[in-house]
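K.L.:
3D, please:
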Amino acid sequence: MQKVQHETGKVLNIGVVNRFNKSVNMIKNLIESGELGELYHIYASFRAHRSIPGLGGAFTTKSIAGGGVLIDWGVHYLDIVMYCAGDPRPLTVSGQAYSKLGRDLPNYAYLNMWAGPPNYAGTYDVDDFVTAMIRTEGPGITINGAWAQNIGTPETYIDFLGDKAGIRLQYGGDFTIYGAKDGALLETKPKYSSSDHFENEINGFLECIQTGVKLPSHIDTVIVTSKMIQAIYDSSEQRREIEL
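P.N.:
Next comes the predicted model:
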């Protein structure tokens with residue numbers, strides 16, 4: 001798709017809607033203005049208790065979906081990480097993906113299921129938990145993600161760690177800044193008006209068609225996240241670190 005875009009000059013943007021989210025863009029601006037100092041590490045957690053979608057169907061069939069929680073949820077978290085950090089070049093990837101809690105389809109216990117009901121005669125061969133560390137030319141990145149885990153506390157946030165201050169972004173929500181000044185610890189929760197980021201994405205797409213302006217969601221930028229995801233799967237399968 002990227003090759004054809006270059007050959008034809010057609011517009012090709014990817015649906016990474018968080019690049020049009022005001023909270024995310026405010027964090028990106030704070031990092032770029034030096035408010036966090038040196039951004040040395042970013043940690044992303046996208047963990048749920050029992051949230052496997054469409055058990056036995058397309059979501060859990062690797063030949064259709066390509067993967068599980070890493071492709072479904074992880075792509076958006078990694079995209080926020082890369083965008084806010086200025087899209088640093090990834091160097092090495094080490095990861096492990098697990099397919100555990102959904103494999104015994106008839107005995108998978110849950111409270112609700114998006115894209116259900118379950119198909120107990122179907123397939124379950126995708127990851128329901130993933131962990132990885134990525135070295136980049138900028139900050140280090142670690143992720144932990146789970147569609148399903150035997151821990152009942154969900155965690156859906158991203159931590160941006162700087163030597164002057166840090167930020168915790170609640171995925172899809174607001175954020176808190178943590179710092180220190182004059183011997184005191186500071187905690188700041190910005191208040192701001194926001195707009196629908198899906199609408200912002202659509203408007204940005206229309207504008208780029210009209211003006212030719214290259215959006216931050218252009219294939220040339222976003223494809224790096226896809227390569228990182230593939231490297232995590234490769235690392236897990238080959239049980240070694242992958243160089244990019």
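
K.L.:
Chain neighbours aside, what residue packs nearest to the residue nearest the centre of the chain?
P.N.:
By Cα atoms, centre = their mean, the mean C-alpha position of the chain lies nearest to Tyr77, the distance being 1.6 Å. Sequence neighbours aside, Ala44 is the residue nearest to Tyr77 in space, at 4.3 Å (criterion: Cβ to Cβ, 6 or more residues apart in numbering). Where C-beta positions appear, they are placed from N, C-alpha and C, glycine not excepted.

K.L.:
elements contacting the helix or strand that neighbour falls within?
P.N.:
Take DSSP states H and E as the rule and Ala44 turns out to sit in strand 39-47. With contacts taken as 3 or more Cβ pairs under 8 Å, 6 or more residues apart in numbering; DSSP states H and E, strand 39-47 sits against helix 75-84, strand 140-146, strand 155-162.

K.L.:
hmm, back to that, my guess is the residue nearest to the centre of the chain meets Tyr43, correct?
P.N.:
No: under the criterion of Cβ atoms under 8 Å, Tyr77 makes no contact with Tyr43, lying 10.2 Å away.

K.L.:
shared neighbours of these two, anything?
P.N.:
Ile143, Ile158 (Cβ atoms under 8 Å, 6 or more residues apart in numbering).

K.L.:
about what we covered before: per-residue confidence at the residue nearest to the centre of the chain?
P.N.:
Note for Tyr77: predicted pLDDT of 98.

K.L.:
give me every residue that touches it.
P.N.:
With the criterion set at Cβ under 8 Å, 6+ apart, Tyr77 makes contact with Ala44, Phe46, Ile143, Gly145, Ile158, Tyr171.

K.L.:
Please name the bridge partners of the fifth one.
P.N.:
The partner list for Ile158 in beta bridges (DSSP bridges) reads Ala44, Leu169.

K.L.:
would you list every one of the strands in this structure?
P.N.:
Using DSSP state E, the strands of the chain run over 39-47, 90-98, 129-136, 140-146, 155-162, 165-170, 175-181, 184-188, 242-243.

K.L.:
Of all the helices and strands packed on strand 39-47, which one is nearest Gly9?
P.N.:
Smallest distance to Gly9 across the helices and strands packed on strand 39-47 (Cβ to Cβ): 24.3 Å, for helix 75-84.

K.L.:
re the thing from before, the residue nearest to Tyr77: how many residues sit nearby?
P.N.:
25 (other Cβ atoms under 10 Å).

K.L.:
How about the contacts made by it?
P.N.:
74, 77-78, 80-81, 141-145, 157-159.

K.L.:
The same query, at a cut-off of 10 Å, please.
P.N.:
73-74, 76-78, 80-81, 132, 141-145, 155-160, 169, 171 (Cβ atoms under 10 Å, 6 or more residues apart in numbering).

K.L.:
For it, give me the pLDDT.
P.N.:
Ala44 is assigned 98 on the pLDDT scale.

K.L.:
cool, and Gly212?
P.N.:
Note on Gly212: pLDDT of 88.

K.L.:
do you know how far it is from His218?
P.N.:
Here the criterion is Cβ to Cβ, to the nearest Å. By it, Gly212 lies 12 Å from His218.

K.L.:
shared neighbours of those two, which are they?
P.N.:
Val11.

K.L.:
These two: which is more packed in?
P.N.:
Higher neighbour count among Gly212 and His218: His218, with 17 against 9, using other Cβ under 10 Å.
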